[in-house]
Structure formats: structure tokens, C-alpha cells
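Student: Here is my input, please return the structure:
(chains A and B)
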There are 2 protein chains.
Amino acid sequence: MIDQRLLPVEEIWREYDDYRDIAEAIRTMVVRGAPAIGVAAAFGAAFGARDIEAESFENFCRKMENVCAVLAETRPTAVNLFWALERIKLFVKTHSELPLADLKEKLLQLALEMAAEDEKINRAMGAWGEPLIPENARVLTHCNAGALATAGYGTALGVIRSAAKAGKTVRVFADETRPWLQGARLTAWELQQDGIPVTLICDNMAGFLMSRGEIDCVIVGADRIAANGDVANKIGTYTLAVLCKEHQLPFYVAAPLSTIDFSLADGSAIPIEERGAEEVILHGGKRLAPDGIEVRNPAFDITPARLVTAIISEHGVVRGDYLSGLADLRQKGRTHDS
Amino acid sequence: MIDQRLLPVEEIWREYDDYRDIAEAIRTMVVRGAPAIGVAAAFGAAFGARDIEAESFENFCRKMENVCAVLAETRPTAVNLFWALERIKLFVKTHSELPLADLKEKLLQLALEMAAEDEKINRAMGAWGEPLIPENARVLTHCNAGALATAGYGTALGVIRSAAKAGKTVRVFADETRPWLQGARLTAWELQQDGIPVTLICDNMAGFLMSRGEIDCVIVGADRIAANGDVANKIGTYTLAVLCKEHQLPFYVAAPLSTIDFSLADGSAIPIEERGAEEVILHGGKRLAPDGIEVRNPAFDITPARLVTAIISEHGVVRGDYLSGLADLRQKGRTHDS
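Tutor: Sure thing, here's the model as predicted:
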């Protein structure tokens, strides 16, 4: 995987063969973005399974629990991580009849399938979302919900890519997205490579551009969506949704079914990761705040469903009553899978 | 003056003796903050006057126009700059009877008076604003409206200092204030030196903290206020005001009379400075966005009067009908001066 900490200054690809190294890569954000974390965790679990020495299925399962726990303890907010691990564990549980060598091989195939599936899902999301982007749209996005955040194509940026492919003229305004600068480093880079016009701004400039009529809509990804449509996404997303309400602009969320956590009634139970102070204090490796300063660094926030114009998934677009709309999507997903 | 570009890493004091160097210091933000820019421009004009070689008062006035024009062309938004230069020019015009050597001497005295006056004004503002800060307040501020932005004490931070001096427990949340990081570099440093508890956050975290009930009010300074109460201030201020509306929190502006531009009916005519792309792209001197990326960098935004809970000035607090309230303040200012 490409080391996202170093982009766009350096393009360094890293190879991992041990699940503990993959866990560390997730924790330290070599790889980030909810769907990409899910796929990385699936490969981690498959590699971990491959290396287990067990004399029985029960023993294998116990050791597999430990592998999954190490991968699960890396980042708390994006639900795709837990979704991917649950899918791996379910596969193990329902294939107790297989010889362990075959099971291990099949887990690796499952991880590969999940990666291929993720890109297909993104393209389906793009097709559903594309009609929402008007001709000559000036679309604001936050963080990076692109190819780098997924196995390919992207969620929010996938919708933008599909609009561009449909022949629409689109300009993207990319919030730099402090403190980790996913917008400046990743979104700007990705869109530039694709030839989609992009303008970089600081997070605090979005309101000004909206007040001047320079933004037509906002589209973002998600790290976890509760059953009622409350959306956890990169810190700053909530503020954009409030600004959209003030300026009567549509606020869209593009996310696969795997991002929806049907076990949570609303967003209040979604854990918000607080990361270290250095991310806020260090700029290009240089300390630019006084020594000993206290820092808050929540990595995500919750946008209440009432501020979300529509949620775009691979099975359709949901508006209004998210509780029933998302449940319908889930049903479509099950029909689709079977 | 202390070089604000280098704080808090280095505390370097710079001395200027030539008005062109002072103009350059204002342009490059060695000194920033509306009231501080005003005082710096007054000294610049006085130094420029001192160095004029003129055989007549008319000739002196013509050369003085040029000195003031150079100082005026440095930064467009903060009105205190133009206010200070107008005051200097008016003094010259009304003292044509003085020998030029005496006039030059008196202009230097006027600049010194304006500096002393600015600090007095800030303390008066602090006294008026202090009752608005509740006990155990968690106050969010943006940019730096402190001693560094003025001749001393500060506007928004002056109100906070007065609340702390009145024995109230206050914690300040300082927005880092991209791209120039006035909050991280200056506000955090200033408050830390004063022993006032301060927590540094990224600009995009304010909405999250408000949604969790962790902020009680917002107080900021201003670069220019129109006659109707529309406020130009550091980019990001408008977004905070919208967030305050959403969370029903008070949004206060602390600014001296010299910041009010009675010649402008509303904020739409306030020029918004757009600064260079490097401020956004370089982090601690390191480029962290792809080469050739397009950037927008508006340095200020306009907060409409309807989102402002109160304007705190040295002559009192104005709420509601700003058009008549600010006009009353102006009258009080005139009575006070005479």
C-alpha cells in the first residue's frame, strides 16, 4: 500500500506480510479512510490466519480471535474495520468443515474479493450519486474520500469522478482538513492526477465561499453511520453541514452499506477517537505552538441526520426518513448478496 | 516591535527607523492585528514626516501624502490603518501655523499618544465586556486579538483578561487559525504567559466542542465594522458566528471605535484581502500540497450584524440595533475627546 503519511511529497509503497505490521500501519495512518481500513484489516486477518499453527479448529478459532482483536484495537471510529473482521470471523465459523490449510487459503481469497468488491461498490455509488451533481458544479469536499480512502475509485470522490465522466464540468474545492491535511495532501493530489480541477482552501474558508455563492453543494464520505442516519466523519464535517443549512445548500454523504452500523440507534454512541497533540502542534515537523500547551484533537465529529440532504450508497440514494430508508438499503443489500 | 512571524519559537525584537521599513513590516506581518497596525502606521507616518526635507508647508504636505500612501498600500481590510493615517493627516492640516521642525516633533508625540491611548481603550473595553463572561466560562476565540494585536492588553483577550482579574475562572479555547496560525502561535503563547488556562484546537473542531456543550461563548476582535454592525474579521470568524447561532451561544465582538467604518453602510463594501498561496501550502517551511495546485486564501470574512450578540467598545456595549447603537457610541467618543 502507498504510505499516505508521505504523500504528496514522496510516493513510497510499503509491503506487509504480518498482521501485526498491518495493525501498526492502520494505527499510524499509513493507510486511512474507512473502506480502505476495512480492506486492510481483512488482509491482516487473512495473513494472521495463514501464520497460525493450530492442531484443531477450536484452537485455530481461539488464536484467530486474538489476531482480530489486535487489528480491532487500532482505530475506534470507522466501523468498516469491525465489519471486515466480523465478516472474516463469520466465514471461519461457518466453514469448520474445511481442512485448516484450505480455510486459510479461502480467507486470503475472501480478502481479495472484499478489495475487488469495494471498488465495484464505489462505482455503483458513483452511478447513483452522479445525477445529484449539477452541470458546472462547484463541489466542496472535506478530508479524502477518494481512491486512497478505499480499494479504488472513492466514495465522495467516486461520485465526483462519475459526474466528470458523464461529461459534466466540475470544480472541487478541497478543505485542507487539519490536522492531518488529508485534503491538501491526498484529495488535491488524487484529483490533480485525474485532471479534475481542484482548488485548495483552509477549513475555515468554506463559510466565506458559501456566503459569496461560490459553492453549489458539499459531498463527503463517512466513517460510521447510525441506523437513524447520524453520520460520523472527519472532524469539521459537522461544521460544513451547519454551514450548508445556513446557506440552503445540499449536504451529501456517500458511503457503502458496510459503513452503516445498524446496532446503533443514533450517533451519540459512536466512539470518537482523540489523537495525540503532536498532530496539531507540529507543522511540517516543526513545532509551532508554545511548549506545554494543552491540546484537544478529536479526529471525528457527528453530523445529525436532520442536516444530511441524502445518503448515497451502492444500492441507491436515501433521503428524509433515514431509519426506514437505511433499513430498506440493508434489505436490498441482502437480496443482492444472495 | 516583536516579530510575530517567528513567535513562539523565537522572540526577536526589531527596531525600525524608516517609514518604508515599517510599511514592509506591516505588509509581511511582522506586526499584525488591526489596532497594532494602526499604531505602527502612526509611527511610520511620524518617522516619514521627520525625514522630509521641505522648504514650505505645502511642499511638506505633498511629500507627507506620499509617505501616507506607501503606508496605506500595505493591507486593505483593517480600517485602523487608514484611521490612524487620517488622524495624522488631519493633525498636519490643522497645524499649518507651526514651524516644520515643531510639527514633526508633535507628530512623533501624537504617535506615542495613540499607542498609550490604545492600551487605555483596551482596558476600558475589558471593563465593559467583563460582565458578559460568566463564572467558569469556557470561551472560544479565533485568531489573536490580544496584546500582540494592539499596543497592549488586547481587545477580545482584554475582555478575557479583565474577567480573570475580576476573579472569574476562565478557560480559553484558541482556534489555531489557519493559515497563519495566529491562535496557535500568538494567542496560546500570550495566555500561557499570563497564566490563563488555554486549550489549542484546530479551526474545524469548534463545532464539535459546541455540539458537546463544551463552549459557553465566543469572543473575537474585528478588522473593520460597517455602520450597520457587519463585522470583517479573520477568515473563519463568520463560520463561528453561524455555529453560535446553531447552538444558541453568544457571539461577541470586542473592538475600539477606530475599527468602525461609518463611511460604509454595510459589510459588502469592505475589501477582503487575498494573500499568497504559500501561506496555505507551506507547513513549517515544508510544502505539503501537490505542485501547481490552485489555492484560495482570503484573509478575512464578513459576519453579518444579525449573527452578532453584542459589540463591546471602549464606550459601552451595543446590542440589537447596531445602526443607531454604533452612532451613539461615536457621539460618546466625540464627547469624551472634547
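
Student: All the strands of chain A, residue numbers only.
Tutor: A:137-141, A:170-175, A:198-201, A:217-220, A:224-226, A:231-234, A:251-254, A:260-261, A:282-283, A:286-287, A:294-295, A:300-303, A:310-313, A:316-318 (DSSP state E).

Student: would you turn those into a markdown table with mean pLDDT and mean neighbour count?
Tutor: The way it works is simple: take the backbone N, C-alpha and C, and place the C-beta from them, glycine included. Formatted as a markdown table, the strands of chain A follow (pLDDT from 0 to 100; neighbours: other CB atoms under 10 Å in any protein chain shown):
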| stretch | mean pLDDT | mean neighbour count |
| --- | --- | --- |
| strand A:137-141 | 98 | 24 |
| strand A:170-175 | 98 | 25 |
| strand A:198-201 | 98 | 24 |
| strand A:217-220 | 98 | 25 |
| strand A:224-226 | 98 | 28 |
| strand A:231-234 | 98 | 29 |
| strand A:251-254 | 98 | 26 |
| strand A:260-261 | 97 | 24 |
| strand A:282-283 | 96 | 20 |
| strand A:286-287 | 95 | 14 |
| strand A:294-295 | 98 | 18 |
| strand A:300-303 | 98 | 26 |
| strand A:310-313 | 98 | 25 |
| strand A:316-318 | 98 | 18 |
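
Student: Let me have the ones you listed in CSV, extended by distance to A:Ala124.
Tutor: Shown next, in CSV, are the strands of chain A (distance: least, CB to CB, whole Å):
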stretch, distance to A:Ala124
strand A:137-141, 19
strand A:170-175, 19
strand A:198-201, 24
strand A:217-220, 16
strand A:224-226, 17
strand A:231-234, 20
strand A:251-254, 11
strand A:260-261, 15
strand A:282-283, 39
strand A:286-287, 43
strand A:294-295, 40
strand A:300-303, 23
strand A:310-313, 8
strand A:316-318, 9
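
Student: closest to chain B out of these?
Tutor: Of all these, strand A:286-287 sits nearest to chain B, with 3.0 Å by CB to the nearest CB.

Student: Quick check: most distant residue from the centroid of chain A.
Tutor: Distance from the C-alpha centroid of chain A, by CA atoms, centre = their mean, peaks at A:Glu55 (37.5 Å).

Student: So that one versus chain B, what's the distance?
Tutor: For A:Glu55, the distance to chain B equals 50 Å [CB to the nearest CB, to the nearest Å].

Student: In terms of pLDDT, where does that residue sit?
Tutor: According to the prediction, A:Glu55 has pLDDT 94.

Student: do the same with the one 4 residues further on
Tutor: Looking at A:Asn59, its pLDDT is 97.

Student: What's the local residue count around it?
Tutor: A:Asn59: 13 surrounding residues under other CB atoms under 10 Å in any protein chain shown.

Student: in chain A, which helix or strand is least confident?
Tutor: Least confident helix or strand of chain A, by mean pLDDT, DSSP states H and E, is helix A:322-337 with a mean of 93.

Student: now for it, which elements pack on it?
Tutor: strand A:260-261, strand A:310-313, strand A:316-318 (3 or more CB pairs under 8 Å, 6 or more residues apart in numbering or on different chains; DSSP states H and E).

Student: With distance to chain B as extra columns, can I get those in TSV?
Tutor: Rendered in TSV, the data for the helices and strands packed on helix A:322-337 read as follows (distance: least, CB to the nearest CB, whole Å):
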stretch	distance to chain B
strand A:260-261	19
strand A:310-313	20
strand A:316-318	23
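
Student: Of all these, which one is nearest B:Glu294?
Tutor: strand A:310-313 (26.5 Å; CB to CB).

Student: Give me the contacts around the closest one.
Tutor: A:125, A:128-129, A:132, A:159, A:225, A:229, A:231, A:250, A:252-257, A:260, A:317-319, A:322, A:325-326, A:329 (CB atoms under 8 Å, 6 or more residues apart in numbering or on different chains).

Student: how's chain A carved up into domains?
Tutor: A:19-123, A:124-337 (automatic domain parsing).

Student: Out of those domains, which is the most enclosed?
Tutor: domain A:124-337 (a mean of 21; mean count of other CB atoms under 10 Å in any protein chain shown).

Student: hang on, the earlier thing: any idea which of the strands of chain A gets closest to B:Pro8?
Tutor: Using CB to CB, the strands of chain A put strand A:286-287 closest to B:Pro8, at 8.8 Å.

Student: okay but A:Ile260 is in contact with A:Leu329, surely?
Tutor: Yes - using CB atoms under 8 Å, A:Ile260 is in contact with A:Leu329, at 7.5 Å.
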